[in-house]
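Colleague: dropping a prediction and its sequence here:
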Amino acid sequence: METSPLAKPVLVIDGSRFDDLEGFYDEVARQLVPDATWGRNLDAFNDILRGGFGTPEGGFVLHWKNAARSRRVLGHAETAAWLRQGMSRIHPSNVPEWEARLARALVGKGETLFDILVAIVRVHCAGGSEEDDGIELRLEEKA
């Protein structure tokens, strides 16, 4: 764990250490909540950022190294795979929306998992609806 200039702990996720969403979840488990059991899904990731799972009280800097690589591996292909997998677990009323999202992902358009994950983090950053959690996101774009 590093520290930031403002003495907030710095937790590091390294995009060079995973190739898909499951690998991202493994990285979160190793780096953010090594002693916690968590749901390994987007809602659970959001909960981790709220605190109480072993992340530092008062917030932290989330330093995402190799974010450009993460952007690629969590891009449209992985998003399409995630949408396909989730289709069996969603409420029937959400199927049309998921089908539309899947169709866009299959042609390389629309929101990606990387976009979704970054948006989840930003909810907990300054200006986000849960900014009191005190998260700062530092994306390091190196491949």
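Modeller: Received the coordinates, thanks.

Colleague: which residues does the residue most central in space within the chain contact?
Modeller: When the chain is reduced to its mean C-alpha position, the nearest residue by CA atoms, centre = their mean turns out to be L117, at 3.1 Å. Contacts for L117 (CB atoms under 8 Å, 6 or more residues apart in numbering) come out as F24, L42, F45, L74. C-beta here means a position set from N, CA and C on the backbone, and glycine is covered the same way.

Colleague: need the next SSE after the lowest-mean-pLDDT helix or strand in the chain, C-terminal direction.
Modeller: Using mean pLDDT, DSSP states H and E, the weakest-scoring helix or strand in the chain turns out to be strand 2-3, at a mean of 54. Moving toward the C-terminus from strand 2-3, the next helix or strand (DSSP states H and E) is strand 9-14.

Colleague: please save the CA atoms from that next one in PDB.
Modeller: Extracted C-alpha coordinates of strand 9-14, given in PDB (Å, rounded to 0.1, in the frame of the first residue of the first chain):
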ATOM      1  CA  PRO A   9      -3.800   5.300   1.700                       C
ATOM      2  CA  VAL A  10      -3.300   4.300  -1.900                       C
ATOM      3  CA  LEU A  11      -4.600   1.000  -3.000                       C
ATOM      4  CA  VAL A  12      -3.400  -0.200  -6.400                       C
ATOM      5  CA  ILE A  13      -5.200  -2.300  -9.000                       C
ATOM      6  CA  ASP A  14      -2.800  -3.300 -11.900                       C
END
